[in-house]
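Please work out how this folds:
(one chain, ligands or ions: 3)
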Amino acid sequence: MRIHVADHPLVAHKLSTLRDERTDSPTFRRLADELVTLLAYEATRDVRTEPVEITTPVTATTGVRLTHPRPLVVPILRAGLGMLEGMTRLLPTAEVGFLGMIRDEETLQPSTYATRMPDDLSGRQVYVLDPMLATGGTLVVAINELIARGADDVTALCLLAAPEGVALMERELAGTPVTVVTAAVDERLNEAGFIVPGLGDAGDRMYGTAG
Ligand SMILES: O=P(O)(O)OC[C@H]1O[C@H](OP(=O)(O)OP(=O)(O)O)[C@H](O)[C@@H]1O
Ligand SMILES: O=c1cc[nH]c(=O)[nH]1
Ligand SMILES: [Mg+2]
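Ligands and ions are numbered 1, 2, ... in the order given. You can find the predicted model right below:
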């Protein structure tokens, strides 16, 4: 597994406002959207392309286009849904699948309550969207499902990661074609499994609800 931390002052600036407890839901959603677009630029560095012959007003030349099958983007509901538009702005022709997952507040174990994506992902590049990589349990289950369906290149975009979650993914997904792109790796998890300093519950902050 590879991890890429986006080291850029604009990313750090937007992330700081996102973390601030005074940031309201509309601003949180807008900043998450802007951050995803910056992360998506890094995350799609290896998106598959093929040569294409084009003619400019001046001459014939060779350009590139995204290969078929198109990449699949999979937001993990709820909070990952707030990252979808920022991602598809850069990859407008991507196919979109959905995974609904929830982490038990006591045990911190993830469970999947909805799955809507192609059964056969053979040879597909997949971009998974989830703002928080905390214990890593959610992303390990999600990515194993994608690989079981045949995905051969998986990139997870996360706004924030905890070292414990990165370590779990490195252990559980060793030898798999997985990359994590994140805006920051924070200090640690607290007793409740929240990222410190973190930004709180991403889903609640995004949608203005509790739980
Ligand atoms: O790395 P982990 O320890 O598994 O935790 C991360 C997960 O927790 C949050 O989802 P949550 O369960 O709060 O669901 P929500 O998006 O509906 O709020 C977050 O959006 C991740 O999916
Ligand atoms: O800090 C955390 C950890 C898990 N999920 C969140 O939304 N925030
Ligand atoms: Mg939540």
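
which bits of this protein sit near ligand 3?
201, 203 (C-beta under 5 Å from the ion). Every residue, glycine included, has its C-beta placed from N, CA and C.

Pick out the residue of the chain closest to ligand 3.
Of all residues in the chain, G203 sits closest to ligand 3, at 3.4 Å by C-beta to the ion.

Now do the host helix or strand of that residue: which elements does it pack against?
Assessed by DSSP states H and E, G203 sits inside helix 202-207. Applying 3 or more C-beta pairs under 8 Å, 6 or more residues apart in numbering; DSSP states H and E, one finds that helix 202-207 contacts helix 25-43.

And the helix it packs on, what does it pack against?
helix 9-19, helix 84-90, strand 125-129, strand 153-158, strand 178-182, helix 202-207.

nearest to E42, of these?
strand 178-182 (5.3 Å; C-beta to C-beta).

List the neighbouring strands of that closest one plus their orientation.
strand 2-5 (parallel), strand 153-158 (parallel) (DSSP bridges).

Residues contacting that strand, please?
Residues outside strand 178-182 that contact it (C-beta atoms under 8 Å, 6 or more residues apart in numbering) are 1-6, 39, 42-43, 46, 133, 139, 143, 154-161, 166, 169.

same thing but 6 Å
Residues from elsewhere that reach strand 178-182, judged by C-beta atoms under 6 Å, 6 or more residues apart in numbering: 1-5, 39, 42-43, 143, 154-158, 161.

re earlier: just give me the neighbour total for the residue of the chain closest to ligand 3.
Close neighbours of G203, defined as other C-beta atoms under 10 Å, add up to 19.

Help me confirm that it comes into contact with R78.
Yes: using C-beta atoms under 6 Å, G203 is in contact with R78, at 4.3 Å.

ok but V140 is inside a strand, no?
No: per DSSP: H, G, I helix; E, B strand; the rest coil, V140 lies outside any strand segment and is helix.

now it, nearest residue through space, not along the chain?
Distances taken as C-beta to C-beta, 6 or more residues apart in numbering place E172 nearest to V140, at 4.7 Å, with adjacent residues excluded.

and V47, helix, strand or coil?
For V47, the assignment made with three-state DSSP gives coil.

ok, it to T138 distance?
24 Å (C-beta to C-beta, to the nearest Å).

same deal with L15?
On the measure of C-beta to C-beta, L15 and T138 end up 20 Å apart.

Those two - which one has more neighbours?
The residue with more neighbours, out of L15 and T138, is T138; 25 against 21, by other C-beta under 10 Å.

still on that earlier bit, JSON lines for the strands paired with strand 178-182, including mean neighbour count, distance to ligand 2 and mean pLDDT?
Formatted as JSON lines, these follow (neighbours: other C-beta atoms under 10 Å; distance: least, C-beta to the nearest ligand atom, whole Å; pLDDT from 0 to 100):
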{"stretch": "strand 2-5", "mean neighbour count": "14", "distance to ligand 2": "17", "mean pLDDT": "96"}
{"stretch": "strand 153-158", "mean neighbour count": "26", "distance to ligand 2": "11", "mean pLDDT": "98"}
